[in-house]
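A.B. asks: Give me coordinates for this.
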Amino acid sequence: MKTKKHRGSFMLRAMVFGFSIAVGLLAFWLLGYIIQDIDRVKGPDYSQMLEVGLPQSLQNERRSLAAELVDRKQQIESTEQRRRLTAQTTSDSQQTINQLLELKRNADQNETSLSEGQQQALTDSLQLFLSNQNQTQTLNAELSNLNDDLNDVKEKQRQNAAAITLASQPINDEYKKLHEQHQWKLAAYKLGMLIPMLLVCGLLFLRQAGGTYAMLVYAISGAVALRVLLVMHDHFPAIYFKYILIGLSLSIATGVLVRLLRLVAKPSRDWLLRQYREAYANFFCPICDFPIQRGPLKYAAWTRRSLKKHTPVPINGSTAAPDQPYTCPCCETPLFQTCEKCGGVRHSLLPACEKCGDVRGNSVQASASE
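C.D. replies: Now for the predicted structure:
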């Protein structure tokens with residue numbers, strides 16, 4: 001007799017499902033940290049390759065031009081600040097001169113003259129204004145020269161950058177080659193760790209499918225498989241990855257289809273028992289899906305869509321007809337037959353008699369073969 005598999009309560013099944021998801025996420029998280037540690041393996045250093053491979057004269061020129069550019073910008077900023085201060089002083093002097101000239105016009109109109117102090121202030125303001133004007137012109141000329149020098153430095157920088165780009169082209173090619181080799185090396189390290197785990201998970205998946213620890217195996221296998229796909233996506237070129245992904249998906253789909261075709265051609269006992277149980281419960285023939293018209297449903301008609309709309313037929317125990325064996329009139333399959341032990345009518349395609357509990361171990365397979 002086959003050992004019965006207990007499903008457990010709804011709460012227990014929900015907890016199993018929840019903790020299975022938690023195990024899968026934690027496994028995926030743990031594998032991610034391991035892969036991050038593998039990524040810490042040092043690859044080629046581009047800056048060091050440039051430092052070694054570029055001519056020293058170009059490097060010295062680049063540093064010298066960078067320092068000279070900073071110096072020219074600082075000088076321009078300082079000169080701009082001096083010019084702003086000079087312009088402010090010139091503006092103040094001009095306001096003073098305008099006020100003194102207004103006083104002088106008023107004095108001329110009144111036929112008087114400015115005081116000696118006012119005359120001296122006007123003279124000093126005029127001299128300061130002219131001096132500031134000269135200084136402003138000098139600062140403008142200095143700014144013009146500094147901007148010309150800045151443009152010269154930038155032009156030299158462009159020429160130096162072009163020379164460095166030309167000289168660094170072989171270094172760039174070598175770096176790309178070394179970087180690609182390093183990426184393949186990292187992929188080999190990661191897949192070298194993940195592929196054996198995936199093979200073990202695949203073996204456990206085949207052995208534990210439907211077993212006690214199936215959910216645990218499914219959770220860990222899913223985490224490992226997803227990490228393998230992510231590693232291939234990160235390190236494999238897109239032209240290769242798409243073929244690998246399509247090939248893997250095709251293999252999985254083909255395997256599932258083959259398994260389903262085998263179930264159709266030679267179904268397992270559990271699969272047949274589930275099919276027969278659901279058919280009997282819905283009053284349909286498990287073989288051809290014809291309605292089981294017996295007892296109070298002898299003259300009724302229904303389909304799977306209209307079954308739920310039927311009102312249950314009340315049964316009067318005193319007038320009810322005795323239960324009789326029943327054969328499907330469509331496919332000729334015996335659906336109800338006399339029990340050999342108690343003489344009552346039992347389900348032909350189910351293993352146990354509902355009246356005496358007599359069990360026929362191979363009834364499901366025998367009925368399928370017929």
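A.B. asks: can you map out the strands along the stretch 251-370 of the chain?
C.D. replies: Secondary structure of the stretch 251-370 of the chain (DSSP state E, counting those that start in this stretch): strands at 326-327, 334-338, 345-347.
A.B. asks: got a markdown table for these, with mean pLDDT too?
C.D. replies: Output for the strands of the stretch 251-370 of the chain, formatted as a markdown table (pLDDT from 0 to 100):
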| stretch | mean pLDDT |
| --- | --- |
| strand 326-327 | 89 |
| strand 334-338 | 88 |
| strand 345-347 | 87 |
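A.B. asks: Hmm, Pro237 and Ala187 touching each other?
C.D. replies: No. With contact defined as Cβ atoms under 8 Å, Ala187 does not reach Pro237; the gap is 11.0 Å. Every C-beta, even on glycine, is put in place using the N, C-alpha and C of the backbone.
A.B. asks: So which of the two has more stuff around it?
C.D. replies: Neighbour comparison, Ala187 and Pro237: the larger count goes to Ala187, with 16 against 9 (by other Cβ atoms under 10 Å).
A.B. asks: Which residue comes closest to the more buried one once chain neighbours are left out?
C.D. replies: In space, Ala187 comes closest to His235 once its chain neighbours are excluded; the distance is 3.6 Å by Cβ to Cβ, 6 or more residues apart in numbering.
A.B. asks: Gln181 is in contact with the one you found, correct?
C.D. replies: No. Using Cβ under 8 Å, His235 makes no contact with Gln181, being 11.7 Å away.
A.B. asks: Looking at those two, which one has more neighbours?
C.D. replies: Ranked by neighbour count (other Cβ under 10 Å), His235 and Gln181 place His235 first, with 18 against 12.
A.B. asks: At the geometric centre of this structure, which residue do we find?
C.D. replies: Centroid check for the chain by Cα atoms, centre = their mean gives Leu230 as the closest residue, at 9.4 Å.
A.B. asks: any idea which element that residue lies in?
C.D. replies: According to DSSP states H and E, Leu230 maps onto helix 214-235.
A.B. asks: Buried residues of that helix, list them for me.
C.D. replies: For helix 214-235, burial by neighbour count (16 or more other Cβ atoms under 10 Å) applies to 215-225, 227-228, 230-232, 235.
A.B. asks: hmm, back to that, separation between the residue nearest to Ala187 and Tyr276?
C.D. replies: According to Cβ to Cβ, to the nearest Å, His235 and Tyr276 sit 51 Å apart.
A.B. asks: repeat for Val231
C.D. replies: Counting by Cβ to Cβ, the gap from Val231 to Tyr276 is 46 Å.
A.B. asks: Does His179 touch Asp45 like I think?
C.D. replies: No. Using Cβ under 8 Å as the test, His179 is too far from Asp45 to be in contact (10.4 Å).
A.B. asks: ok, the closest residue to Ala219 other than its chain neighbours to Leu248 distance?
C.D. replies: Computed as Cβ to Cβ, 6+ apart, the closest residue to Ala219 that is not its neighbour in sequence is Gly24, at 3.6 Å. Distance, Gly24 to Leu248, using Cβ to Cβ: 19 Å.
A.B. asks: Between the two, which has more neighbouring residues?
C.D. replies: Neighbours per residue, other Cβ under 10 Å: of Gly24 and Leu248, the larger number sits with Gly24, 20 against 14.
A.B. asks: Who are the packing partners of the host helix or strand of that one?
C.D. replies: Per DSSP H and E: Gly24 is located in helix 10-39. When contacts are defined as 3 or more Cβ pairs under 8 Å, 6 or more residues apart in numbering; DSSP states H and E, helix 10-39 packs onto helix 116-208, helix 214-235.
A.B. asks: Out of the ones you listed, flag the one nearest Ala300.
C.D. replies: Of all the helices and strands packed on helix 10-39, helix 214-235 sits nearest to Ala300, with 41.1 Å by Cβ to Cβ.
A.B. asks: Compute the distance from the centre of the closest one to the centre of its chain.
C.D. replies: 14 Å (Cα atoms, centre = their mean, to the nearest Å).
A.B. asks: by contact count, what packs against that helix?
C.D. replies: Applying 3+ Cβ pairs under 8 Å, 6+ apart, one finds that helix 214-235 makes contact with helix 10-39, helix 116-208, helix 238-265.
A.B. asks: Give me the contact list for stretch 239-256.
C.D. replies: For stretch 239-256, contacts defined as Cβ atoms under 8 Å, 6 or more residues apart in numbering pick out Leu229, Met232, His233, Phe236.
A.B. asks: Stretch 47-65 too?
C.D. replies: The contact list for stretch 47-65, computed with Cβ under 8 Å, 6+ apart, reads 153, 156-157, 160-161, 163-164, 167-168, 170-171, 174-175.
A.B. asks: Repeat that for stretch 85-99.
C.D. replies: Residues from elsewhere that reach stretch 85-99 (Cβ under 8 Å, 6+ apart): Ala121, Leu122, Ser125, Leu126, Leu128, Phe129, Asn132, Gln133, Gln135, Thr136, Leu139.
A.B. asks: any weak-confidence spans in the stretch 201-350 of the chain?
C.D. replies: The model of the stretch 201-350 of the chain has pLDDT under 70 over residues 210, 306-322.
A.B. asks: For Gly357, grab phi and psi.
C.D. replies: phi 80, psi 10 (degrees, to the nearest 10).
A.B. asks: what's the neighbour count on it?
C.D. replies: Neighbour count for Gly357, taken as other Cβ under 10 Å: 10.
A.B. asks: Since that was my last question, I'll sign off now.
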